[in-house]
Structure formats: C-alpha cells, structure tokens
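> no FASTA, just this:
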C-alpha cells in the first residue's frame, strides 16, 4: 500500500499565485522527500526534510513536517507556468530496508 | 556517466513476447530501485538492490517479472510473456552509499504491449 498520499490529486492556479500540496503518511519516518516529474520524464529531487526538522526552505519552496500528524506540506510561492508538473512525496520509513515509498502525486497546472 | 541511463526509452512489443529493460546507474551508487508507473498514476515499487545483499523483490507483481544486478553495476528488468496490463513506464533510480538522501532517476523506459 502507498505510504504517502498527496492531496489534492490535481491543482490548477494562475501564475503568481502560491500552490500548496499536502502529504500524509502512516508510519514513523527518518525523512520525507518531495520530487517533481515533468510529463514524460523521470523524477527530480526537490527537497528533503528530516524527522527532527519542522520546516525547510529552498528558493521558492517551503516544506513543513508535522510528525505528530504524520503529514507534510509543500508550498511553491509565486508560481510560474514552468512549475507545471506532478509532485510526489516519498517517505523513508524507519526500519524499512526498502526505504522511499512514493505517494500518488499531485498534478499542478499553472496557467499563464 | 553523469546520470542514470535507461534503455530502451521506448519499447513496443506484442503480447506474449519477452522484454528486457536496462538501467546503467551512477558510478558508485550502491542502491538501485525499479518502479513502475502507469499512465497518470504514482510510482509502484518493484525491486530494490543494495550492494551485494539479497534484493528486496517484494514488489514484483508476478513471476513473469525478474531483475538482476551484479554488485554495483548495470541492472536488467525482464518481463516474460508480456501482457497488456504490463504497459507502463518503468523507472530506475539509484542513490549513493548512505541509505538516506535523494534518489536519482533515469528518464524511464516506456513499454507498450499491443
């Protein structure tokens, strides 16, 4: 079963607006990662947040992690048309030899 | 090479034929994953290799699927007697010696079974 589940499944916004995507997971984690996938391409790592961190920034990206609620959010500020992609969270579960289980993704469309 | 390389990028085959997909990892990356992604869906874990340890095959959907990797070298994913439901993009990802941190993905092999 999927460890991480994103919502919404799809999000459409205007250029310049902020986009927020959420991820919920089920078990204890070492870290949580966010990836981006452009249509027809492989996934690209965006940001990693460790279980002892609550917030992390990278450029226009802001990630929060609430381990008590087993949830994370990814905020993209001042969105651009080029941000249009699918975004996936991935959890690195404690005690999992396999590690990194991906959610089902949020399809973000940024309209020019 | 500089990144994870997968081949072929596209493969069209007839139902019942065998296919072999290849993944060339980043040099020195000990961990290698195969995922399947159906159209518009998330990533489905298939198999995980970590160095010379026994692979985690728990995600392989049937005995028609198998994968090999020797040490930290190339991996091949083989699908025997392909079915139409095998149509998907097969993604390979690798990561370095520490078992935390980001995965580096290839561009995928798109398989279409007619």
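All right, it came through fine. Given the structure is predicted, the values throughout are model-derived calculations rather than measurements.
> Only C-alpha atoms from now on, for both contacts and neighbour counts.
OK.
> Flag the shaky bits of the chain, pLDDT-wise.
I went with chain A, as the question did not name one. Applying pLDDT under 70 to chain A picks out residues A:1-4, A:97-99.
> Hmm, no, I was thinking of chain B.
Within chain B, the segments meeting pLDDT under 70 span B:1, B:97-100.
> Quick one: name the residues of it near chain A.
Within chain B, the positions near chain A by CA under 8 Å from any CA of the partner chain are B:41-45, B:48, B:56, B:91, B:100-108.
> Could I have the buried ones of the residues you listed as PyMOL selection syntax?
Buried residues within those, by 16 or more other CA atoms under 10 Å in any protein chain shown, are selected in PyMOL with:
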select buried, chain B and resi 42+43+44+45+48+91+101+102+103+104+105+106+107+108
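> Now intersect the residues of chain B next to chain A with the strands, please.
Judged by DSSP state E, strands contain the following of the residues of chain B next to chain A: B:44-45, B:48, B:91, B:104-105.
> Just the element for the residue nearest the centre of chain B, please.
The structure's chain B has its C-alpha centroid closest to residue B:34; by CA atoms, centre = their mean the separation is 3.3 Å. Using DSSP states H and E, residue B:34 maps to strand B:31-37.
> so how far is that strand from its chain's centroid?
How far strand B:31-37 lies from its chain's middle: 5 Å, per CA atoms, centre = their mean, to the nearest Å.
> what packs against that strand?
strand B:44-50, strand B:88-95 (3 or more CA pairs under 8 Å, 6 or more residues apart in numbering or on different chains; DSSP states H and E).
> Point out the most buried one among those strands.
Neighbour counts (mean count of other CA atoms under 10 Å in any protein chain shown) averaged over each of the helices and strands packed on strand B:31-37 peak at strand B:88-95, with a mean of 26.
> Please name every helix or strand in contact with that one.
Using 3+ CA pairs under 8 Å, 6+ apart, the elements in contact with strand B:88-95 are strand B:31-37, strand B:104-105, strand B:109-113.
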